[in-house]
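Peer 1: sequence isn't available, so here's the structure alone:
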């Protein structure tokens, strides 16, 4: 069984991620965190195998959280989750130690098909 934590300040995105992963065999959602200040304390108290971390968290620095998490638990896989397409911001996330970065889909009027 793999333990997963989701660090996402948007309640809508957090619910979406959790719902998508809830029924995946051998994965347990161990922790859902929406504030940066809480994230590291929770992850130290309840170590996990995987973390999905938004690049921005309310009340804290997601990059610092990722750096500290990778320093303390180098075997923990961290997947960055970002709506940004800014290369400099994504590189910062990568340099913080994320193992992979996934983009958040953005809706646009062009992407919605009307009949």
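Peer 2: Yep, it's here. These numbers were taken from a predicted model, which means no experiment stands behind them.

Peer 1: which residues does residue 17 contact?
Peer 2: 6, 8, 52, 81 (Cβ atoms under 8 Å, 6 or more residues apart in numbering). The way it works is simple: take the backbone N, C-alpha and C, and place the C-beta from them, glycine included.

Peer 1: in the sheet, who's paired with the last one?
Peer 2: Assessed by DSSP bridges, residue 81 has beta-bridge partners residue 54, residue 102.

Peer 1: still on that earlier bit, got JSON lines for the contacts of residue 17, with secondary structure and pLDDT too?
Peer 2: Formatted as JSON lines, those follow (DSSP: H, G, I helix; E, B strand; the rest coil; pLDDT from 0 to 100):
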{"residue": "6", "secondary structure": "strand", "pLDDT": "94"}
{"residue": "8", "secondary structure": "coil", "pLDDT": "89"}
{"residue": "52", "secondary structure": "strand", "pLDDT": "93"}
{"residue": "81", "secondary structure": "strand", "pLDDT": "83"}
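
Peer 1: between these, which is nearest residue 99?
Peer 2: Taking Cβ to Cβ as the measure, residue 99 sits nearest to residue 52 out of the contacts of residue 17, at 10.9 Å.
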